[in-house]
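Asks: A structural model of the following input is requested.
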Amino acid sequence: MAGIQGNSGQVRESVISFLLTVASRSLLLRDRLNGRMAERLKGFPFEEERLSLKSEGRWISAVHVRAGANAPTFLICHGIGERVEYWSDVQLLLREMGISSLVFNYTGFGASRGRARPAHCEQDAIAACAELVRRGAGAIFLLGFSLGTGVAVAIAERVRVEGVILCEGFSSLREAATEAGLPGWLTSVAADLWSTEKTVCHLKVPVLVVHSDGDRLFPLSMAERLVKACGDRGEAIIVNGLEHNAPIFGASEAYWGPVAEWAKRLAGPEAAVRGSEDEGGAASPR
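Replies: Reported below is the predicted structural model:
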């Protein structure tokens, strides 16, 4: 029986890995064909902030933008079909609002080579958080966007963070896949993975849920369920009219400003750098 269950788990993980790879590459191909990727790569303002981080023997690409020694830091777990370059407008805006940020590509995404697997996504996020601690970041907040909300919640109790921010997220990966139009026989393989609504109720840090009522991929009801599951540790910011990816490609202070203020309020005036700004160790430039 144990062998059967083990084989079943391996099959499930293989199917999910396949779906992650196909979905991400399909979306990136769309962006390559419609010119969005070329536009983002050409106008990318943070070439000097690029990093390569080591994660369980793999190297993943990242961009670390500092807003100052005492600034709170967002560790950004991005959505499916994204590259670190897509987040440059958000990182620029966050810096202007006094928030440092680090965004990384999961293994198998963007310039991070290897096989896309759920376990790799979580390992990569933990490695990126450890790098921020090593670099002396004080108040670190996990920020998950779309698919990244599942990753952020999954690792939140395994890292030292002040809070978790869930933007345009889902209640579970299975429900997210259903909303994206995948057939039931296929979504059933995701039953036990990134069940955000079930997991978030166990977190001991504050949680901010940010969602647009114009998100046509994941309905507002998912966000409402997440906030309810958090109990008195949860807060919500409901934004009007934005489509799912608009907060990234149309970064605005109306969306990100309240998020930044929430984090600065939790970090407090005493938020300070712990450690040094040394850039050696597990990180290497480009």
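
Asks: Helices along this protein, start to end?
Replies: Remark: helices assigned in the chain by DSSP state H are 2-34, 36-42, 88-96, 118-134, 147-155, 173-179, 184-187, 196-200, 220-230, 246-249, 253-267.

Asks: distance between the second one and the chain's centre?
Replies: Distance, stretch centre to chain centre, for helix 36-42: 21 Å (CA atoms, centre = their mean, to the nearest Å).

Asks: Kindly provide the whole-number mean pLDDT of it.
Replies: Averaging pLDDT along helix 36-42 yields 78.

Asks: same deal with stretch 70-84?
Replies: Summarised as a single mean, pLDDT over stretch 70-84 is 93.

Asks: Over to stretch 163-182?
Replies: According to the model, stretch 163-182 has a mean pLDDT of 89.

Asks: Mind listing what's buried along that stretch?
Replies: By neighbour count with 16 or more other CB atoms under 10 Å, stretch 163-182 contains the buried residues 163-179, 182. Where C-beta positions appear, they are placed from N, C-alpha and C, glycine not excepted.

Asks: ditto for stretch 196-211
Replies: So stretch 196-211, judged by 16+ other CB under 10 Å, has buried residues 196-197, 199-200, 203, 206-211.

Asks: do stretch 32-51 as well
Replies: 37, 40, 44, 46, 49-51.

Asks: Would you format the residues you listed as TSV with distance to Gly231 included?
Replies: Below are those laid out as TSV (distance: CB to CB, whole Å):
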residue	distance to Gly231
Met37	41
Arg40	39
Phe44	41
Phe46	38
Glu49	37
Arg50	40
Leu51	37
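
Asks: So which of those are in strands?
Replies: 50-51 (DSSP state E).

Asks: So in the protein, where's the weakest helix or strand by average pLDDT?
Replies: strand 283-284 (a mean of 46; mean pLDDT, DSSP states H and E).

Asks: my guess is Val133 contacts Ala127, does it?
Replies: No: between Val133 and Ala127 there is no contact under CB atoms under 8 Å: 10.8 Å.

Asks: Tell me which of those two has more neighbours.
Replies: Between Val133 and Ala127, Ala127 has the larger neighbour count (other CB atoms under 10 Å), namely 19 against 16.

Asks: OK, contacts around that one?
Replies: The contact partners of Ala127, by CB atoms under 8 Å, 6 or more residues apart in numbering, come to 53-56, 60, 282.

Asks: Thought Ala119 was touching Ser17, still the case?
Replies: No: using CB under 8 Å, Ser17 is not in contact with Ala119; the gap is 9.1 Å.

Asks: which sections of the protein are below the confidence cut-off?
Replies: 1-12, 18, 182-187, 189-192, 270-286 (pLDDT under 70).

Asks: Summarise which helices and strands the lengthiest strand in it is packed against.
Replies: Scanning the chain for the strand with the most residues, using DSSP E, yields strand 58-65. Where contact means 3 or more CB pairs under 8 Å, 6 or more residues apart in numbering; DSSP states H and E, strand 58-65 is packed against strand 50-55, helix 88-96, strand 100-104, helix 118-134.

Asks: Neighbouring strands of the first one in the sheet, and parallel or not?
Replies: By that I understand strand 50-55. strand 58-65 (antiparallel), strand 283-284 (antiparallel) (DSSP bridges).

Asks: Pull out the CA atoms of it and give them to me as PDB.
Replies: The C-alpha atoms that make up strand 50-55 are tabulated as PDB, following Å, rounded to 0.1, in the frame of the first residue of the first chain:
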ATOM      1  CA  ARG A  50      20.700  41.100 -11.100                       C
ATOM      2  CA  LEU A  51      21.800  38.100  -9.000                       C
ATOM      3  CA  SER A  52      22.300  34.400  -9.300                       C
ATOM      4  CA  LEU A  53      21.200  32.600  -6.100                       C
ATOM      5  CA  LYS A  54      22.000  29.000  -5.100                       C
ATOM      6  CA  SER A  55      19.100  26.800  -4.300                       C
END
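
Asks: Brilliant, that's me finished.
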